[in-house]
Each structure stands twice: as C-alpha cells, then as structure tokens.
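Visitor: This is the structure alone, sequence omitted:
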C-alpha cells in the first residue's frame with residue numbers, strides 16, 4: 001500500500017510539471033499565428049478596406065435621349081424659300097413636296113434623316129437634314145459629349161478644314177513676305193477651298209476689266225463657324241466647270257450640340273451651262289436653317 005501511494009505522488013508531480021509546459025506551448029503557437037495573420041494583412045497585397053477615390057467615376061448621360069423628326073424640323077415657310085416649287089404643281093402636289101422623304105433608319109433614337117428635291121426649268125435644288133445621337137458605351141472612359149466631339153472632329157478633318165485652336169507662334173528665324181493686303185486670318189490656308197477657284201488678283205497679267213462691267217460675286221469658301229451649337233463648320237463645294245454642263249454648288253453645315261451631330265446639306269444646280277450658283281445666297285439659306293435647328297435643340 002505504501003508503494004502504491006508513493007507511485008501516485010510521483011505521477012501527480014509529473015503531471016503538475018508537464019501540463020503548464022503544454023499550455024505555454026499552445027499559447028505561444030496561437031500568438032505566432034496571430035502575428036503571421038497581421039503581417040500578411042499589412043504587406044504589399046490588397047486589403048479589404050476600400051477608399052472612396054478608388055471607385056471609377058461615371059460621366060453623366062448626354063443631354064439628349066431621343067431625336068426629333070427631321071422631316072418636321074424645318075417650317076414650311078423656310079422650306080418654300082429654299083425649295084421654290086415649279087409653277088405647274090397643284091396645291092396638293094406642293095404639300096406632298098414639302099413633306100420630305102425620310103431615310104431608312106433601324107434606330108430612330110440614334111440616326112435619322114430627311115430629303116427634299118425640287119426641279120424647275122431653271123434649276124434643281126436638294127436639301128438634306130440629318131440628326132445623329134452619339135452614345136458612349138463606357139462612360140468611365142468618355143462621356144457622350146466626348147464621343148460626339150470625336151465624331152465631329154473626324155468630319156472636320158475629312159473636310160480638310162483647320163482645327164480651331166491657339167495660333168502657332170512664328171519662329172524668330174522665319175522671314176514671312178509681307179502682303180500688300182495684310183496678313184491672312186488665323187487658321188486659314190493658302191490654297192482655295194475644294195471645288196472653288198481662286199479669285200483673280202489685280203496684280204496678275206492681262207488687260208483690266210472694262211469700267212462698269214459687273215464683277216463676279218465673292219466666293220466665301222469653306223470655314224469653321226462660330227455661334228452655332230457647341231462647334232460647327234461649313235463645307236462649300238463647287239463642281240468643275242464644263243463646256244456644256246452647269247456648275248452645281250453643294251453647301252454642307254455640320255454642328256454639334258451636346259451629344260447630337262446635326263447635318264444640313266443644300267445643293268443648287270442650274271440648268272443653263274456656265275451658270276454658277278452664288279455662294280453667298282446658298283450659304284445664307286443653309287446657315288439660317290442650321291441656326292433654326294440649333295435653337296430647336298436648345299429649347
């Protein structure tokens with residue numbers, strides 16, 4: 001009995017020494033795991049906390065969500081002034097004439113157009129009005145207005161017109177030749193507009209024109225326009241002269257208003273050979289219609 005009691009006392013002493021050591025090891029292991037977790041969370045990797053500035057900023061949608069009918073965009077009085085009807089038409093035929101013919105469109109909220117044509121014994125006139133609504137499919141990268149401006153700039157470039165911007169400072173070493181008529185306007189080019197011929201100069205050879213003879217009307221040419229939408233340009237083209245064919249003039253005005261591109265094309269083709277439609281009158285009528293359309297979109 002004494003031996004058994006002594007063995008029990010030895011076992012109790014061993015357990016009292018071993019259990020605190022095991023508990024210490026377990027605590028150390030738990031502390032090491034916690035430190036490892038903190039170290040991995042504070043390293044160069046990603047964290048669960050997100051900052052407000054990390055969220056992509058989405059540009060608001062464009063001002064226009066739909067398009068008006070181009071065939072109803074111009075009033076009847078303006079259409080009659082731009083497209084005089086032949087005298088042989090009846091009242092009913094004239095009404096149908098100014099209704100216009102709509103272009104085929106598979107999405108009336110994105111791209112629409114309308115055309116008119118009148119033909120008289122003296123000339124043929126054509127008119128086109130088109131609207132294009134531009135949409136950005138990723139407004140975190142570009143807004144609807146930004147995409148519409150890209151479309152406008154492409155058309156401006158295709159028309160070979162100077163892009164409006166700051167005038168380049170001439171080099172000090174450059175020695176431009178002084179012109180007796182003064183310097184050209186900023187952004188203008190030395191070559192005439194496409195389809196137009198340069199105006200005759202007084203310094204060119206040849207005999208002067210007889211006194212009192214009528215002079216040819218001035219050619220306004222293609223140019224960037226101001227005070228029309230957000231940005232606009234006018235492209236004036238005159239077909240080549242022929243011995244038996246009349247010269248046709250086509251004036252195209254393109255302007256951007258927010259995320260919509262508006263196009264107005266106005267063409268005049270006389271029937272008599274050698275006749276030239278005046279640029280001033282043709283451009284004025286196209287500009288007046290374009291201005292009316294810009295005001296319609298701004299309402």
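Guide: Thanks, I have the structure now. This structure is a prediction, so every number in the text was calculated from the model and none was measured.
Visitor: Which parts of this structure are strands?
Guide: Secondary structure of the chain (DSSP state E): strands located at 101-102, 111-119, 123-133, 223-225, 231-238, 249-257, 260-270.
Visitor: just these: most buried one?
Guide: strand 249-257 (a mean of 23; mean count of other C-beta atoms under 10 Å). C-beta: built from backbone N, CA, C; applies to glycine.
Visitor: Check the nearest residue to residue 120 once chain neighbours are set aside and give its pLDDT.
Guide: Closest residue in space to residue 120, ignoring its immediate chain neighbours: residue 86 at 4.6 Å, by C-beta to C-beta, 6 or more residues apart in numbering. The per-residue pLDDT reported for residue 86 equals 89.
Visitor: Check the burial of residue 86 by counting its neighbours.
Guide: 13 (other C-beta atoms under 10 Å).
Visitor: follow-up on the earlier one: I'd like the strands of the chain as a markdown table, with mean pLDDT appended.
Guide: Output for the strands of the chain, formatted as a markdown table (pLDDT from 0 to 100):
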| stretch | mean pLDDT |
| --- | --- |
| strand 101-102 | 95 |
| strand 111-119 | 96 |
| strand 123-133 | 97 |
| strand 223-225 | 95 |
| strand 231-238 | 96 |
| strand 249-257 | 97 |
| strand 260-270 | 97 |
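Visitor: Tell me where the model's unsure across the stretch 51-200 of the chain.
Guide: 51-54, 165-200 (pLDDT under 70).
Visitor: closest one to residue 74 among the strands of the chain?
Guide: Nearest to residue 74 among the strands of the chain is strand 123-133 (6.6 Å), distances taken as C-beta to C-beta.
Visitor: how about the helices of the stretch 1-150 of the chain, start to end?
Guide: 2-41, 76-82, 91-97, 144-158 (DSSP state H, counting those that start in this stretch).
Visitor: same question, the stretch 151-299 of the chain
Guide: Using DSSP H, counting those that start in this stretch, helices in the stretch 151-299 of the chain cover 279-298.
Visitor: Contacts only, for residue 102.
Guide: 69, 70, 71, 112, 113, 114 (C-beta atoms under 8 Å, 6 or more residues apart in numbering).
Visitor: which one of the residues you listed sits closest to residue 125?
Guide: residue 114 (14.8 Å).
Visitor: and the gap between the closest one and residue 268?
Guide: Noted for residue 114: a distance of 18 Å to residue 268, by C-beta to C-beta, to the nearest Å.
Visitor: For the strands of the chain, give me JSON lines that also has distance to residue 293.
Guide: Shown next, in JSON lines, are the strands of the chain (distance: least, C-beta to C-beta, whole Å):
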{"stretch": "strand 101-102", "distance to residue 293": "16"}
{"stretch": "strand 111-119", "distance to residue 293": "12"}
{"stretch": "strand 123-133", "distance to residue 293": "7"}
{"stretch": "strand 223-225", "distance to residue 293": "13"}
{"stretch": "strand 231-238", "distance to residue 293": "11"}
{"stretch": "strand 249-257", "distance to residue 293": "8"}
{"stretch": "strand 260-270", "distance to residue 293": "6"}
